[in-house]
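>>> curious how this folds, go ahead:
(chains A and B)
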Amino acid sequence: MSASSPGPFFLTNTLTRRKEEFKPLRPPHVGLYVCGPTVYSDVHLGNVRSFLTFDVLYRWLTQLGYKVRYVRNITDVGHLVDDVDHGEDKIAKRARLEQLEPMEIVQKYTNGFHDVMRLFNILPPSIEPTATGHLIEQIEMVKRILASGYGYEANGSVYFDVPSFAEKHPYGELSGRKIDELLTNTRDTEGMDEKRSPLDFAIWKKAEPQHLMKWPSPWGEGFPGWHLECSAMSTKYLGQTFDIHGGGMDLKFPHHECEIAQSVAADGQAPVRYWMHGNMLTVNGRKMAKSEGNGFTPEELLTGNHKLLEKGYSAMTVRFFMLQCHYASTLDFSNAAMQASEKGLERLMKAMTLLPKLKASDADEADIAALEQRCHAAMNDDLNTPVMIAELFEAVRIINSVNDGKLNLTTTSIEKLHGLMHTMVHEVLGLRAEAADAKGEDNALDALVGECIRLRVEAKGRKDFATSDAIRDRLAAIGIILKDTKEGTTWERA
RNA sequence: GGUCACGUGGCCGAGGGGCUAGGCAGAGGUCUGCAAAACCUCGUACAGCGGUUCGACUCCGCUCGUGACCUCCA
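Model prediction:
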């Protein structure tokens, strides 16, 4: 951590619906659990936004000096496609369609997921457990829930008894539901269910003979319930009570609510101290979702090969675009907004490249320490990246002004500014320079453009502006932009 | 239908009872042979109607609009 005190960190706890100061259970350690992807299809941009939110949280906690154990699971089994009874495992369904082994599907989309995470510079978690790798832990948890009296077996499946649990414990606290309201609003009209109450949920599900992914258990062949893996794995790696649990808004109910109930039933304590929920990415005002068919994959995004995209956008542009909005607000994707972010990011990154070249003077005409304070304050205020970015643009102004010789900074201040920008832009926001400005790698091209520039300088010397402009225009036509400065002419790619 | 959010200037998006958000686009200016870049200046926006208040875009109520969850979903 830098010398200046980062101050207390506040985050919105969705359990209490309030902004609270974050105090870890066992400092300096922090336990963080985030719901990962279900690996049965390509991740889309909406998924990326969620993982990005918690990536920034992870980065900021690390920056604050905490030792974070960050657990993000891979769901490779268990979620059903249809309604309960005739449900089919999503992964099994996909496997049949593609004539592949279920684990082949899992591997394929897990690899794809990791590629996407790398593309967007989203850091890997400390532990990335899979549901299939923790069958024993899940079965043990089912046993503990049965022992507590809040589970019951029916026809080879085990269900969580929500109404009886709710008599003794709060249920619906996280999502603001009330048992009786839930009951009146249930659409489930079928009476043939083996569940005692429509609110009950499966913690172990009996597998039909044709079911591909199944494991032996005390209740017969089956597979774990939808919500169980997160409870089992977070308990295993972070303990019965841990600091922060994150996920998308849409997981609040029932998924996270069920996690709380399971943990309380199995181990007698609330599992999570701070719940955090990221909001949705929307397209034309609607949630981006697989089921809506309005998502695009990173590949489509990069190439622009999608009906919703006017052109391609880089991963860093998207990352920056998302960070310009607070994680708890919905964010609407649009081409105009993307193009605005593309330009803004370009200006920010260009200023970054100027930092090492700044010339120092004796006077100090900007307060870098105050700027740093404001950056910290923004992040400490519930990860307010949009405000932090606004401060960064103040820094951009300072950098450009110093570069133009219009503003003075001492060596100390320049170094401080350099450090601050590096930390905030690269380490906290996770923005990295993109391949586009690797132009210097091609020495031949550099020499070639250099020759053109020299020819143009000669023409200018003769006041032959027709020739000098022609050189500039023709280079521009092939994507080489010339810029005249006091120190001479520079070039860059369009 | 139930629950909960949100509605900010041309666009995207912060904010918070009185004090500049920021980005992009646009207008004017400085610099430049001309451009580009950079820098400076500018628009006085907070869905509507009431209420609380010395004062509300910010608090409360209602209306309208949009969305999320209630079923797998980041």
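>>> going by C-alpha atoms from here, please, whenever you check contacts or count neighbours.
OK.
>>> so residue A:489 is in which element?
strand A:488-493 (DSSP states H and E).
>>> so what secondary structure elements neighbour that strand?
strand A:480-485 (3 or more CA pairs under 8 Å, 6 or more residues apart in numbering; DSSP states H and E).
>>> run the angle between the strand holding residue A:489 and strand A:480-485 for me.
150 degrees (axes from the mean of the first three to the mean of the last three CA atoms, to 10 degrees).
>>> spit out the contact partners of the residue nearest to residue A:413 when sequence neighbours are not counted.
Counting by CA to CA, 6 or more residues apart in numbering, the nearest residue to residue A:413 once its immediate chain neighbours are dropped is residue A:368, at 6.4 Å. Going by CA atoms under 8 Å, 6 or more residues apart in numbering, residue A:368 touches A:413, A:416-417.
>>> which of these lies closest to residue A:304?
residue A:417 (36.1 Å; CA to CA).
>>> element containing the closest one, please.
Assigned by DSSP H and E, residue A:417 belongs to helix A:411-421.
>>> and that helix, how far out from the chain's middle?
Remark: helix A:411-421 is offset 29 Å from the chain centroid, using CA atoms, centre = their mean, to the nearest Å.
>>> what helices or strands is the following helix or strand past that helix leaning on?
Counting by DSSP H and E, the next helix or strand C-terminal to helix A:411-421 is helix A:443-461. Here helix A:443-461 touches helix A:465-477, going by 3+ CA pairs under 8 Å, 6+ apart.
>>> so is the helix it packs on next to RNA strand B?
Yes: for helix A:465-477 and RNA strand B, the contact criterion (CA under 7 Å from any atom of the strand) is met by A:465-466, A:468-469.
>>> buried residues in that helix?
A:467-468, A:471-472, A:475-476 (16 or more other CA atoms under 10 Å).
>>> just the C-alphas of that helix, formatted as CSV.
Output of helix A:465-477 as CSV, limited to C-alpha atoms (Å, rounded to 0.1, in the frame of the first residue of the first chain):
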residue,chain,number,x,y,z
PHE,A,465,3.1,22.7,-48.4
ALA,A,466,1.4,20.9,-51.2
THR,A,467,4.0,18.2,-51.0
SER,A,468,4.1,18.1,-47.2
ASP,A,469,0.4,17.8,-47.0
ALA,A,470,0.3,15.2,-49.6
ILE,A,471,2.8,13.1,-47.6
ARG,A,472,0.7,13.5,-44.5
ASP,A,473,-2.6,12.7,-46.3
ARG,A,474,-1.3,9.7,-48.1
LEU,A,475,0.2,8.2,-44.9
ALA,A,476,-3.1,8.9,-43.1
ALA,A,477,-4.9,7.0,-45.8
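>>> so what touches that helix?
The contact list for helix A:465-477 (CA under 8 Å, 6+ apart) reads A:452, A:455-457, A:459-460, A:481-482, A:494.
>>> return the closest of the buried residues of helix A:465-477 with respect to residue A:310.
Distances from residue A:310 to these, taken by CA to CA, are shortest for residue A:476, at 22.6 Å.
>>> ok, now how distant is that closest one from residue A:450?
14 Å (CA to CA, to the nearest Å).
>>> same question, residue A:182
On the measure of CA to CA, residue A:182 and residue A:450 end up 72 Å apart.
>>> how about stretch A:23-41 as PDB, C-alpha atoms only?
The C-alpha coordinates for stretch A:23-41 follow below in PDB (Å, rounded to 0.1, in the frame of the first residue of the first chain):
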ATOM      1  CA  LYS A  23     -14.100  -5.200   8.900                       C
ATOM      2  CA  PRO A  24     -12.800  -8.700   8.200                       C
ATOM      3  CA  LEU A  25     -13.400 -11.500  10.700                       C
ATOM      4  CA  ARG A  26      -9.700 -12.400  11.000                       C
ATOM      5  CA  PRO A  27      -7.500  -9.500   9.700                       C
ATOM      6  CA  PRO A  28      -5.400  -9.300   7.700                       C
ATOM      7  CA  HIS A  29      -7.100 -12.300   6.100                       C
ATOM      8  CA  VAL A  30     -10.200 -11.900   4.000                       C
ATOM      9  CA  GLY A  31     -12.400 -14.700   2.700                       C
ATOM     10  CA  LEU A  32     -14.200 -13.900  -0.500                       C
ATOM     11  CA  TYR A  33     -16.500 -16.200  -2.400                       C
ATOM     12  CA  VAL A  34     -18.000 -15.500  -5.800                       C
ATOM     13  CA  CYS A  35     -20.500 -17.600  -7.700                       C
ATOM     14  CA  GLY A  36     -18.700 -18.600 -10.900                       C
ATOM     15  CA  PRO A  37     -20.100 -19.700 -14.200                       C
ATOM     16  CA  THR A  38     -22.100 -22.800 -15.200                       C
ATOM     17  CA  VAL A  39     -19.900 -24.200 -18.000                       C
ATOM     18  CA  TYR A  40     -22.400 -25.300 -20.600                       C
ATOM     19  CA  SER A  41     -22.100 -22.500 -23.100                       C
END
